[in-house]
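In: got a structure for you, letters missing:
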Ligand SMILES: Nc1ncnc2c1ncn2[C@@H]1O[C@H](COP(=O)(O)OP(=O)(O)OP(=O)(O)O)[C@@H](O)[C@H]1O
Ligand SMILES: O=P(O)(O)OC[C@H]1O[C@H](OP(=O)(O)OP(=O)(O)O)[C@H](O)[C@@H]1O
Ligand SMILES: [Mg+2]
């Protein structure tokens, strides 16, 4: 294969993960110019390019070395890994990215009810994820027949081609619309950054590491809020306990009010109105919750 000195990331061309993935890379400071056929994006500035493909193709492209990294659902990555002779080798989930959250679940016709895995013994289950379903069935000691369907899995029970399904669920609206009920969760999924276990030991590896560092900063910032408030010193313990992630706050004295301090704290996660009201009851006032734009430890 031709050697390459630019890092290449595979991502979904058009689908649920496209926009959030593009936004995430932009937040990492990467800028791209799209090719005319819209299959490739050339990186401007950093030596990082994008390949825009069907999400199902992403793990294979990384495994074959066509791309170095990929942004893909954990469901697709795990299914690919299970299709390989050595599922534990080759590809790895390098980071979880916090969008595209859904779960792969087994669902049964609403009128059937569900009283545990044994109910699925001897039944036919339709899915696009035979590897993940097969693993779940084995680990629960269930002998069911797996019927592979590439799409529209949810209509299989009505068509009589299966007794149950195993498909992605988010709001549950698709299940309700098809008179199905969620019976068991096979895996919780979200978009992940996938890569080979061994990053290339050259310039591309260095760029990948730089990208991972920026990504960590972006993810941490996205999930962080800076809170500023004023409080009586004797209420500090109570107020700190109410801060998400219980950070160690920085304290500043208030001129002319020795019993008061200004508290500054970096919180993990958003701060709800309810938490602010609880802090106010504990003695806090003049509370400000600020988003964080960039962070570098
Ligand atoms: N309802 C949902 N809510 C949230 N995330 C979802 C939902 N359905 C799927 N996902 C996640 O988003 C990924 C992409 O879903 P999408 O429906 O865009 O894929 P697709 O139809 O297979 O697209 P492609 O044309 O690229 O093959 C899924 O693999 C899954 O990780
Ligand atoms: O629980 P819900 O919020 O209803 O989401 C679940 C549905 O979302 C996905 O399909 P999508 O809408 O992407 O259609 P597709 O299968 O045709 O891609 C998935 O395959 C489920 O059918
Ligand atoms: Mg797909």
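Out: That came in fine, so what should we check first? The structure displayed is predicted, hence computed values, not measured ones. Numbers count the residues shown, from 1 in each chain. Ligands and ions are numbered 1, 2, ... in the order given.

In: need the contact list for the nearest residue to residue 52 once chain neighbours are set aside.
Out: Counting by C-beta to C-beta, 6 or more residues apart in numbering, residue 52 lies nearest to residue 13, which is 3.9 Å off, once chain neighbours are set aside. For glycine as for every other residue, the C-beta is placed from the backbone atoms N, C-alpha and C. Applying C-beta atoms under 8 Å, 6 or more residues apart in numbering, we find residue 13 in contact with 38, 39, 52, 53, 54.

In: again, 10 Å this time
Out: The contact partners of residue 13, taken as C-beta atoms under 10 Å, 6 or more residues apart in numbering, are 38, 39, 50, 51, 52, 53, 54, 55, 57.

In: Which one (most neighbours) among those?
Out: In terms of neighbours by other C-beta atoms under 10 Å, the contacts of residue 13 top out with residue 50 at 26 neighbours.

In: So that one: helix, strand or coil?
Out: Here residue 50 is recorded as strand under DSSP: H, G, I helix; E, B strand; the rest coil.

In: tell me which residues in stretch 180-192 are buried?
Out: 180, 181, 183, 184, 186, 187, 189, 190, 191, 192 (16 or more other C-beta atoms under 10 Å).

In: For ligand 2, tell me whether that stretch is touching it.
Out: No. Counting by C-beta under 6 Å from any ligand atom, ligand 2 has no neighbours in stretch 180-192; the shortest distance is 9.0 Å.

In: for the stretch 101-250 of the chain, what spans make up the helices?
Out: Shown for the stretch 101-250 of the chain, the helices assigned by DSSP state H, counting those that start in this stretch span residues 130-139, 156-159, 173-177, 203-222, 236-242.

In: returning to what we had before: let me know the closest of the contacts of residue 13 to residue 119.
Out: Distances from residue 119 to these, taken as C-beta to C-beta, are shortest for residue 55 (32.0 Å).
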